Every structure is written in structure tokens, then in C-alpha cells.
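In: need a 3D model of the sequence below.
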Amino acid sequence: MIEFDKIWVEKYRPAKLDDLILDEGSLRVLSQFKDEIPNLLFVGSPGTGKTTLARIIVNDILGCNFLYINASDESGIDTIRHNITNFAQTKSFDGGVKVVVLDEADGLTSQAQAALRNTMETYAKYCRFILTANYKHKIIPALQSRCQSIDLKPEIKQAAKRCFNILKQENVKVSDEQKVKFGQLVKRTFPDLRKTINELQKSVVDGELLIDSNGSDSELLKAVTEGLKKDSLQVRKLLIESEDRFQGDYDTLLANLLDYLYEQPIDEFKKKQMITVIADHLYRSAFVVDKEINAFACIVALELALKA
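Out: Numbering: from 1, shown residues only. All right, here's what the predicted structure looks like:
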């Protein structure tokens, strides 16, 4: 097992605002915060640095007393009534602002979000709130209106540069062939920088970068492609039985399948249709609750496109 301090995502986790990959607009706004902040809502895909940014604000910029809660673990109204209220209602020892960091706030029930709105107003004199969310539309309007919203949209060139610098600092050898595959990996996992870094670390063998051609089990991708010619329901059964081979990450599986289809001897018109289907379902995946169902819907659509 890799020791915690040797896990790259932890070892290279940004500690200061300037270390984060942020667009110029967001960086300009955040750089204005010194001793005081408004209530904040950070929105972005998983792995874009929302939680890290929240921790940088409370630890590095404010240096304040804070309470951290992951709403995906404690999504009910009792979390608001007890944990947050007990913390927010008292003054800090130094008289400064206190902050509640509510991670994955879009995991709160609507009732809990309504209670949070009331708590924010009641204790506004002593406490500020930093919320993070993957999906802004899941935050009730009453909460959104009480927060300054910042969308985290990293640029892919910056992400690639950051990841390649990590490889350099770890003295990893990267061949010209692997540089191409490195670029494909970044493109496939973007904007989830956490996933990119984890995939890179898993791909290092004896100090050398060895990324698989498809970043996944090519045999599985071949079986999926062949299965689409017969019965998509059988492909669904295959994927369920093979989840451990792609860690149940259906988004990455679809992205890898897209790359794989580019190289297959399929009618060009049908290939374009299939690529469009995958791209459409990958886009939808950012807004659906169940990514597995979305992936299986994609498989059915791919079968129909292939047999058209």
C-alpha cells in the first residue's frame, strides 16, 4: 500500500492560492480576500480543486477557526440544527470571523438547505459559509442568492503542465511515445485533475511512465465493441461482471471506448454516429445522478447506431 505522504494527490496538493489552477477572473476575485470574506459557493466538476480552495482560504488567507462538514456523509437537517448551529452561534476566541466549510453542499436535502439559509442569516455577524457543489442547479435559489458564486474552470494546458511537472519532480522517465499517451490521458480525464494524477502514479513502473494505449483494458473494449454487433443487453451484463476492471468508472470507460472506436474498421458514417452518441452521453453524465444507467443507455444507443 502506498503511504499517505507518498500519494501524489496529497503530496502535491496546493497550499496557497497561487498554486491552484484557476482562470484569471476567479483568481482576481479571490485575491481580493484578506481578513474578511462573503459567503462563498464554489462550483465545479469533481477534481477541480473546490475543497482545496476552501481549505486554502480558511488556513492560509484567513487563518481562522473553521468547521468542516462533508454533506454527502451528513445530508439531513439534523446536521444543520446541531453541528453547524452549535459552531456558528458562538464568537471565536480572537474575535475574528469563523467559517463553516460545507463540502458537496448539493448533497443536502432541500429541507436542510432551507434550514442552512436561516442559519446563515441568523449568525451572519459571527460566521461565514463556504459551500462547494458539483451541480449548481441542486443548490436552492435562496442559498445561491446569499453566496458569491465562483465557477472553477481550469484550463487543460495548465492541467497538463502541472501534471508533467509532477512527473519531472518524481524523476519519472517519459519516452516520446509516452508523451503522446500522456496527452491523451490528460484529455480523457480533464477536468478531474485528481483522477489524472492518480492515473499517472498508477502508470509509473520502475521510474518509467508506462500508460496503456487506451488507459483501460483493451480486451474489455474489444469485447464491448464486438458485443454491440450482437446484443447490448449482453454488453450490459459483461460490464456489470467486469466492473472491477475499470473500478466502476463508467465515464472513463466511455471515453476510452471513444478512443478505441477511432481505430476500428467500422463504416465511417456509423463510426461518426457512434462517436457522437458517446460524446452526448459523456456530456449528460455531468448532470445525471446515476452514471451507470447513463452508460447503459449509451450502450443501447451505440448498438442502434451500429445496426442502422
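
In: which residues touch the strand or helix carrying Thr252?
Out: Per DSSP states H and E, Thr252 falls inside helix 250-262. Residues outside helix 250-262 that contact it (CB atoms under 8 Å, 6 or more residues apart in numbering) are 184, 188-189, 195, 214-216, 218, 221-222, 224-225, 239, 246, 271, 274-275, 278-279, 281-282, 285, 291-292, 294-295, 298. For the C-beta atoms, the positions are set from N, CA and C on the backbone; glycine is no exception.

In: PyMOL command to pick out the buried ones of those?
Out: Those of the contacts of helix 250-262 that count as buried under 16 or more other CB atoms under 10 Å are selected in PyMOL with:
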select buried, resi 184+188+189+195+214+215+216+221+224+225+239+246+271+274+275+278+281+282+285+291+294+295+298
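
In: separation between the residue nearest to the spatial centre of the chain and Ser203?
Out: Geometric centre of the chain, nearest residue: Pro46, 1.3 Å, by CA atoms, centre = their mean. With distances taken as CB to CB, to the nearest Å, Pro46 is found 20 Å from Ser203.

In: returning to what we had before: can you check the pLDDT for the residue nearest to the centre of the chain?
Out: What the model reports for Pro46 is a pLDDT of 86.

In: one more: the one 3 residues further on?
Out: Gly49 is assigned a predicted lDDT (pLDDT) of 92.

In: quick check on it: phi, psi?
Out: Here is the backbone geometry of Gly49 (degrees, to the nearest 10): phi 100, psi 20.

In: count the neighbours of the closest residue to it other than its chain neighbours for me.
Out: Leaving aside its chain neighbours, Gly49 sits nearest to Leu20 (5.5 Å; criterion: CB to CB, 6 or more residues apart in numbering). Using other CB atoms under 10 Å, Leu20 has 20 other residues around it.

In: name all residues that make contact with Leu20.
Out: Leu20 touches 14, 27, 49, 52-53, 56, counting by CB under 8 Å, 6+ apart.

In: how about low-confidence regions in the chain?
Out: For the chain, the stretches flagged by pLDDT under 70 are 1-5, 74-76, 79, 95, 213-217.
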